[in-house]
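Student: Okay, structure incoming, though there's no sequence with it:
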């Protein structure tokens, strides 16, 4: 730039004062523009790399349902492929069922209805179907989206009703702990806040695992948490497989981050290598989302629901 000024000065010696002033003005304005452009670019890059904060030009999100306070979770367990007949979802051939899930499709439909029933009676509730793209055979469709599709196919959700505006999906969870934690994050994405109350719809035999272990691991107050359980016929108590494959591993590893059984299960249930964005969309939960303790200890950092009660904090293991 110094060379440019020198060249301009030599050239301007033979020019009139007006042209000289005009030339210098143009050079100064060009220099100012280039400097400001460089600073602005540097600021945008810094803003993006330092936590991906909103830039000045990014519009403030408009949350679809900011008045919600009650999160209703329907934990999904399989993928419905679709059907055009009179009774969608009632045949096992319409589902991708694991061997131990045979003939449980009616139970899954019941879970959908139980979630909708809870949403109907509380206009401040948000219903979240939770479950990821867990089956390569079924293709890149999530359990959650298939439940939502089934609810519509069976006309369980009236399109002109208030409830239809209060239903969404969470499409990354790979086990029951993620059903709970990720649905809380999805609630935050949809409402701009965290739930005051949680209702969790699942099998009754999973009550000890979800209400006892998962809820305690995220330190959500027990008196603000409700589990609605509905088992398939003959599943009225925890089985040996439930103890071996879920209760015992989650007791050792509350967050499912190092136990071989839990980690391998999550890997096998993510055949399309999907990655959630909750670390960015739920900054208040980053510590919890990233937490892992091989000593079985609970996360003790700040959480949005800490002010609900001071007496619900669990002791460390």
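Tutor: The structure has been received and is ready for your questions. This is a predicted model, so every value here is computed, not measured.

Student: Please state the offset of stretch 225-244 from the chain centre?
Tutor: Relative to its chain's centre, stretch 225-244 lies at 25 Å (C-alpha atoms, centre = their mean, to the nearest Å).

Student: tell me which residues of that stretch are tucked away?
Tutor: Neighbour counts over stretch 225-244 (16 or more other C-beta atoms under 10 Å) mark 225, 227-229, 231-232, 235, 238, 242 as buried. No exception for glycine: its C-beta is placed from N, CA and C like everyone else's.

Student: Also stretch 255-267?
Tutor: So for stretch 255-267, counting by 16+ other C-beta under 10 Å, buried means 255-256, 259, 262, 265-266.

Student: Now flag whichever of those residues is closest to residue 295.
Tutor: residue 255 (11.8 Å; C-beta to C-beta).

Student: Backbone dihedrals for the closest one, please?
Tutor: With angles defined as degrees, to the nearest 10, residue 255 sits at phi -110, psi 0.

Student: Quick check, pLDDT for it.
Tutor: For residue 255, the pLDDT comes out at 98.

Student: again with residue 9
Tutor: 47.

Student: cool, and residue 269?
Tutor: So, for residue 269, pLDDT stands at 97.

Student: Repeat that for the one 5 residues further on.
Tutor: The predicted local confidence for residue 274 comes out at a pLDDT of 97.

Student: in a helix, that's where residue 129 is, yeah?
Tutor: No. Assigned with DSSP: H, G, I helix; E, B strand; the rest coil, residue 129 falls outside any helix and is strand.

Student: Report the contact partners of it.
Tutor: 74, 76, 112, 115, 143-145, 147-148, 167-170 (C-beta atoms under 8 Å, 6 or more residues apart in numbering).

Student: which residues of the stretch 101-250 of the chain fall in helices?
Tutor: Counting by DSSP state H, counting those that start in this stretch, the stretch 101-250 of the chain has helices at residues 105-120, 143-153, 176-191, 207, 215-217, 240-242, 248-252.

Student: Can you add mean pLDDT and distance to residue 67 and give these back as TSV?
Tutor: Formatted as TSV, the helices of the stretch 101-250 of the chain follow (pLDDT from 0 to 100; distance: least, C-beta to C-beta, whole Å):
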stretch	mean pLDDT	distance to residue 67
helix 105-120	97	14
helix 143-153	97	22
helix 176-191	98	8
helix 207	96	30
helix 215-217	98	24
helix 240-242	85	38
helix 248-252	96	34
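
Student: Out of the ones you listed, flag the one nearest residue 27.
Tutor: helix 176-191 (49.9 Å).
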